[in-house]
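> Mind folding the following:
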Amino acid sequence: MRQRGWQPVYVASARARIAVIGQAPGRKAQTSGVPWDDASGKNLIDWLGVTEEQFRNPDLFAVLPMDFYYPGTGTSGDLPPRKGFADRWHPRLLALMPDIRLTLLIGRYAQIHYLPSARHDTLTATVRNHRRFVPEQFPLVHPSPLNFRWHAQNPWFIADVLPELRTHVHAALDGGTADRPVPGAG
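Okay, here's the model as predicted:
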């Protein structure tokens with residue numbers, strides 16, 4: 001990817017509190033160098049119940065895609081992240097971020113990697129059963145506007161999952177978890 005002149009697209013700070021793990025940067029994010037710099041990012045920020053300023057603050061949110069480079073386009077959308085990339089880089093980076101309180105696992109590739117035996121057979125079932133993984137991890141569907149059919153078929157996501165997601169996000173940012181808040185925080 002460096003041969004194309006691309007820079008890796010990720011955000012990491014030793015003080016980050018939430019890790020956002022998705023598939024790989026999209027074409028627009030690769031061009032701008034800013035993770036989630038598209039309509040999916042706007043949706044994600046809304047889902048989290050934070051401001052764009054908060055989301056772009058590396059001391060609050062680390063962004064570690066399963067691959068730090070845009071993988072290119074295949075016959076049915078973007079290609080998958082390269083195999084072994086997250087295995088090589090995520091442990092090194094996460095070891096430098098001791099304050100991570102919540103890890104958001106966005107999409108199938110992140111869930112397969114981080115929930116290998118605990119996830120359900122489908123992404124929908126894993127997301128529906130997100131309570132099994134909190135407060136440390138929170139599985140999500142991808143916030144792409146192209147997932148409108150999934151959202152139409154799964155109205156429980158907006159009604160039930162997003163309020164819980166926001167509770168866990170705000171607790172992690174305030175210094176605790178939704179299950180174990182820090183006294184006096186918030």
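
> going forward, measure contacts between C-alpha atoms and count neighbours the same way
Fine.

> shaky segments in the chain?
Judged against pLDDT under 70, the low-scoring parts of the chain cover residues 1-3, 176-186.

> quick one, phi psi at T167?
As for T167, its main-chain torsions (degrees, to the nearest 10) stand at phi -60, psi -40.

> what does the one 5 residues further on give?
In terms of degrees, to the nearest 10, the main-chain angles of A172 are phi -60, psi -40.

> Could you give the number of residues near it?
Burial of A172, expressed as a neighbour count using other CA atoms under 10 Å, amounts to 25.

> how near is the closest residue to it other than its chain neighbours to P155?
Spatially, and ignoring its direct neighbours in sequence, A172 is nearest to R101 (5.6 Å; CA to CA, 6 or more residues apart in numbering). Here the distance between R101 and P155 works out to 28 Å (CA to CA, to the nearest Å).

> Which one's more surrounded, these two?
Set side by side, R101 and P155 show unequal neighbour counts under other CA under 10 Å, the larger going to R101 at 21 against 11.

> wait, that one sits on V134?
No. Using CA atoms under 8 Å as the test, R101 is too far from V134 to be in contact (10.2 Å).

> now the residue nearest the centre of the chain: how far from A14?
With distances taken as CA atoms, centre = their mean, V20 lies nearest the centre of the chain, 3.1 Å away. As defined by CA to CA, V20 lies at a distance of 14 Å from A14.
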